[in-house]
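Q: sequence and predicted structure below; questions after.
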Amino acid sequence: MQNVRKFFLSLLFFWLCMNIAKGQDEKIKALFIYNFTKYIEWPANAKQGTFVIGVLGETPVFDQLVANTSTRKVSTQDIVVKKYSKASEIEKCHIIYVPHDKSGNVKDILNRVKDWPTLIITDSPGMINTGSGLNFIMSNGRQSFEINTEYLDLKKLIYNSTLLKLGVKVK
């Protein structure tokens, strides 16, 4: 009986640690997403009105982005974070974050934003090769990101050389 109790306590401890780590991971991703706005410049026609960050689906990153950006701006633009449940709902936005469980929607998203200067940020291994601009990865146990400069150039998003030093250029 004592061994069973120890096993379940160990399992509970492991589960708690994993959830805390996952929560930290989501906070870090939300900070990255906001900080990308410091290293990328959108075309002049996208510098009017509010700066819109879209999130596809249900993810704790949405709540973190709302909390992180509530009093911040991108240059002179107020930031609004919007949640979309499917690609067809996406409106003009500056950034769209696609969590791992929505990776299968990237082609639909690319089609939806094809005429907009929208930075697509994905969060799944290999997604940088499907047309996103940035993709979150783990590198040496730390959160990092891949960069698709071809995508950024196509969308006329001007990136600072510091962005290339912080991430991993893939294309």
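A: Structure received.
Q: show me the strands in the protein, by range?
A: 40-41, 51-56, 73-74, 77-84, 95-98, 119-122, 134-139, 142-147, 158-159, 168-169 (DSSP state E).
Q: looking at these, which is nearest to residue 110?
A: Closest approach to residue 110 among those is made by strand 119-122 (7.1 Å; Cβ to Cβ). From N, CA and C alone the C-beta is placed, and that goes for glycine too.
Q: what is the closest one packed up against?
A: Other elements packing on strand 119-122 under the criterion 3 or more Cβ pairs under 8 Å, 6 or more residues apart in numbering; DSSP states H and E are helix 2-36, strand 95-98, helix 106-112, strand 134-139.
Q: let's see 6 Å
A: Contacts defined by 3 or more Cβ pairs under 6 Å, 6 or more residues apart in numbering; DSSP states H and E place strand 119-122 against strand 95-98.
Q: send the alpha carbons of the strand it packs on over as CSV?
A: Extracted in CSV, the C-alpha atoms of strand 95-98 (Å, rounded to 0.1, in the frame of the first residue of the first chain):
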residue,chain,number,x,y,z
ILE,A,95,0.3,38.6,-36.7
ILE,A,96,-1.5,35.3,-36.6
TYR,A,97,-0.3,32.7,-34.1
VAL,A,98,-1.1,29.1,-35.0
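Q: relative to residue 27, which of the strands of the chain is closest?
A: Residue 27 lies closest, by Cβ to Cβ, to one member of the strands of the chain: strand 142-147, at 10.0 Å.
Q: got the angle for the closest one vs strand 134-139?
A: Between strand 142-147 and strand 134-139, the angle comes out at 140 degrees (axes from the mean of the first three to the mean of the last three Cα atoms, to 10 degrees).
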